[in-house]
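# Sequence isn't available, so here's the structure alone:
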């Protein structure tokens, strides 16, 4: 496990851009962290790193949003409202997870058993100061 | 056609609601059935819909029967079928689209695919019989926050959107932080009435000068930081004050941006749409500011603010008038832009 101390949004961006460079089609990034820890913010920077031009906003209500303008398609999930793994299956998530794009899944802990084993997992924790975050990453 | 009146069926399944309505001559509601508002469980042995498309599938035939029965018409009386084909969740949208196409094909009834967001705006045509485009619109809902210039019945231009959370979503998340549960909008609205809206000065995010986009994520995080700090210090958390102060912060930005858009574009009317339009504090603030600025405010009744079939039927009627008929290749389009 790699532990990264983030002290502000600029460093979130640096990490997001760096991570994006390593991603290839079929990769899944699982984000775990409480409300307000910056999961959507990190996703925005991963998207920027993938060369996506559209604004990436929260997909909470539609569960998944697709972005096709980058070097690889991005499927941005927010499973906050998903109650169980069966519901995830019903929205066709498998087709995305084993598809031709990168999936970033917010609130991944809610459906962790349904995610591909081969994934990047980032646990985000609030640091001491308001802007500080701790990323615990397994690749 | 019934007694010389044109009948439109509107089908809406883009998110959680399975909804079907029957309209006469585009603007008169004969029935407007929304699955969460009827006892599906009792009538059809199904379940109240949550997220999964399976629930739409279980509900849709019952909702369809109910809509026809309430309107006292049969499927053979219907002249036009309108269906929301995006934006939304693909599995949910597909149920509505497939149902609409099946009826269209079997009964040879013209079909019109409708943008769900145009539907929200069209809710106002039902409520206000004389309202006609062009006008300035503000769409506030669980999934959207937009300022739009509605140029015609079938076209509008987006002037501002959220860069992160939609307004309704920010409400839901804050409601969760202060332990109110779902749906957060009405609960915060209610609790805020008991709180002091100037108790906590949460961040108002206006972004760049003159920009009509929104950002609510920072205000949401501000609430979270406030609650965490209070917990660490062992202070009591006054949830009513937090609700009132949060609500004031986000709504102030929305109202100020909507009013400045009206001034920028020289508009003397503001048309509000979407589920959050039912919020009482937003309504008070908008009414007050619009009165001061001499802007006429339009806002539909709560049943038309929420996702419903009537708004889709109305939007479909006007698209049909412009000759914009869809064919059976119509497909769900989850990422459809306004």
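All right, it came through fine. Because the structure is a prediction, the values reported are computed rather than measured.
# What are the boundaries of the strands in the stretch 101-250 of chain B?
For the stretch 101-250 of chain B, the strands defined by DSSP state E, counting those that start in this stretch occupy B:111-115, B:135-140, B:145-152, B:155-161.
# what residues does chain A put near chain B?
Chain A has residues A:34-36, A:38, A:40-41, A:55, A:57-58, A:60-66, A:81-83, A:86-87, A:90-92, A:126, A:130 near chain B, with proximity defined as C-beta under 8 Å from any C-beta of the partner chain. (Glycine included, C-beta is placed from N, CA and C.)
# Pipe the strands of the stretch 101-250 of chain B into CSV and attach distance to residue A:13 per row.
Converted to CSV, the strands of the stretch 101-250 of chain B look like this (distance: least, C-beta to C-beta, whole Å):
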stretch, distance to residue A:13
strand B:111-115, 33
strand B:135-140, 29
strand B:145-152, 24
strand B:155-161, 21
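# Deepest-packed of those, please.
strand B:135-140 (a mean of 27; mean count of other C-beta atoms under 10 Å in any protein chain shown).
# Averaged pLDDT, that one. What do you get?
For strand B:135-140, mean pLDDT rounds to 97.
# now swap in stretch B:215-223 and tell me
Mean pLDDT, computed over stretch B:215-223, is 92.
# what do you get for stretch B:59-78?
96.
# Equivalent analysis for stretch B:89-105, please.
93.
# contacting residues around it?
A:62-64, A:90-92, B:9, B:11-16, B:18, B:51-53, B:56-57, B:60, B:64, B:75, B:78, B:81-86, B:109-111, B:113, B:328, B:330-334 (C-beta atoms under 8 Å, 6 or more residues apart in numbering or on different chains).
# which SS class is the residue positioned nearest the centre of chain A?
What sits nearest the mean C-alpha location of chain A, by C-alpha atoms, centre = their mean, is residue A:104, with 3.2 Å. Put simply, residue A:104 is strand when judged by DSSP: H, G, I helix; E, B strand; the rest coil.
# Next step: the residues of chain A next to chain B restricted to strands.
Taking DSSP state E, the ones among the residues of chain A next to chain B that sit in strands are A:64, A:65, A:66, A:126.
# Which two among these are spaced furthest apart?
The largest separation in those, counting by C-beta to C-beta, is between A:66 and A:126 at 29.8 Å.
# which residues does the nearest residue to residue B:309 once chain neighbours are set aside bridge with?
Leaving aside its chain neighbours, residue B:309 sits nearest to residue B:21 (3.4 Å; criterion: C-beta to C-beta, 6 or more residues apart in numbering or on different chains). Note on residue B:21: beta-bridge partners by DSSP bridges are residue B:10, residue B:32.
# So residue B:21 versus chain A, what's the distance?
22 Å (C-beta to the nearest C-beta, to the nearest Å).
# By mean pLDDT, which helix or strand of chain B comes out lowest?
Sorted by mean pLDDT, DSSP states H and E, the helices and strands of chain B end with helix B:40-44, the least confident at a mean of 43.
# For residue B:275, which of the strands of the stretch 101-250 of chain B is the nearest?
strand B:135-140 (7.5 Å).
# Pull the contacting residues for residue 76.
I went with chain A, as the question did not name one. By C-beta under 8 Å, 6+ apart, the residues touching residue A:76 are A:43, A:47, A:56, A:59, A:64, A:65, A:66, A:67, A:103, A:104, A:106.
# my bad, chain B
Counting by C-beta under 8 Å, 6+ apart, residue B:76 has contacts residue B:107.
# follow-up on the earlier one: okay, the contacts of residue A:76 in CSV with pLDDT and distance to residue B:182 next?
Converted to CSV, these look like this (pLDDT from 0 to 100; distance: C-beta to C-beta, whole Å):
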residue, pLDDT, distance to residue B:182
A:43, 96, 23
A:47, 96, 28
A:56, 90, 24
A:59, 82, 17
A:64, 85, 20
A:65, 87, 21
A:66, 87, 26
A:67, 91, 27
A:103, 95, 25
A:104, 97, 24
A:106, 95, 17
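# Might you report the residue contacts of the most centrally placed residue in chain B?
Centroid check for chain B by C-alpha atoms, centre = their mean gives residue B:274 as the closest residue, at 2.8 Å. By C-beta under 8 Å, 6+ apart, the contact list for residue B:274 reads B:120, B:139, B:140, B:141, B:144, B:168, B:305.
# Show the subsequent helix or strand relative to the least confident helix or strand of chain B.
Next along the chain after helix B:40-44, taking DSSP states H and E as the criterion, comes helix B:53-71.
# That next one close to chain A?
Yes: counting by C-beta under 8 Å from any C-beta, chain A is contacted by helix B:53-71 at B:53, B:54.
# Centre of the chain to that helix, how far?
20 Å (C-alpha atoms, centre = their mean, to the nearest Å).
# Over to stretch B:145-153?
Mean-position distance between stretch B:145-153 and its chain equals 13 Å (C-alpha atoms, centre = their mean).
# That's all I had, so thanks and see you.
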